[in-house]
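Visitor: Quick one: sequence plus predicted model below, questions after.
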Amino acid sequence: MMLEGLFGNITIEKILFYLNAYGEGYPLGMAKTFGVSVNRIQQQLKRLENNGIVVSRLTGNVRIYTFNPRYPFLKELRSLMTRAYEFLPETEKDRYYCMRRRPRRAGKPE
């Protein structure tokens, strides 16, 4: 990956690309997307939250993470992630960061 050296590890890079693409996410969903353990995702989300980069909220029994709107370098971070996204291989973009849409149900009028 391209920003691993800057962020310290590849999991944080993936999490930041994920949040930049989807706006929010929860650990199990990210873990399934990337094929890594939930524990690894949770550890890195905790690190990002402790440093003020992301915030979380509890929705039912699921913790949802988003970028911290009060993070002083949020605009620059999102700009960096957006620019770096342009250089990701298309296969990686399609695999991890394309918005998934549920197929239409059969028999439903359009």
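Guide: Noted; the coordinates are in hand.
Visitor: Just the C-alpha atoms of stretch 45-52, please, in PDB.
Guide: Extracted in PDB, the C-alpha atoms of stretch 45-52 (Å, rounded to 0.1, in the frame of the first residue of the first chain):
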ATOM      1  CA  LEU A  45      -9.900   2.200  15.500                       C
ATOM      2  CA  LYS A  46      -9.200   2.600  19.200                       C
ATOM      3  CA  ARG A  47      -5.800   4.100  18.300                       C
ATOM      4  CA  LEU A  48      -7.400   6.500  15.800                       C
ATOM      5  CA  GLU A  49     -10.100   7.400  18.400                       C
ATOM      6  CA  ASN A  50      -7.500   8.000  21.200                       C
ATOM      7  CA  ASN A  51      -5.700  10.400  18.800                       C
ATOM      8  CA  GLY A  52      -8.900  12.300  18.000                       C
END
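Visitor: what about it, average pLDDT?
Guide: For stretch 45-52, mean pLDDT is 96.
Visitor: again, but for stretch 58-73
Guide: 97.
Visitor: and what of stretch 89-99?
Guide: Rounded mean pLDDT across stretch 89-99 is 80.
Visitor: Could you look up the SS state of Pro72?
Guide: coil (DSSP: H, G, I helix; E, B strand; the rest coil).
Visitor: measure the residue nearest the centre of the chain to Gln43 for me?
Guide: Geometric centre of the chain, nearest residue: Tyr18, 2.2 Å, by Cα atoms, centre = their mean. Per Cβ to Cβ, to the nearest Å, Tyr18 is found 15 Å from Gln43. Where you see a C-beta, it was placed from the backbone N, CA and C, and this is true even at glycine.
Visitor: quick one: contacts for the residue nearest to the centre of the chain?
Guide: Contacts for Tyr18 were tallied using Cβ atoms under 8 Å, 6 or more residues apart in numbering; they are 25, 30, 33, 96-97.
Visitor: can you rerun that using 10 Å?
Guide: 24-25, 29-30, 33-34, 41, 65, 81, 96-97 (Cβ atoms under 10 Å, 6 or more residues apart in numbering).
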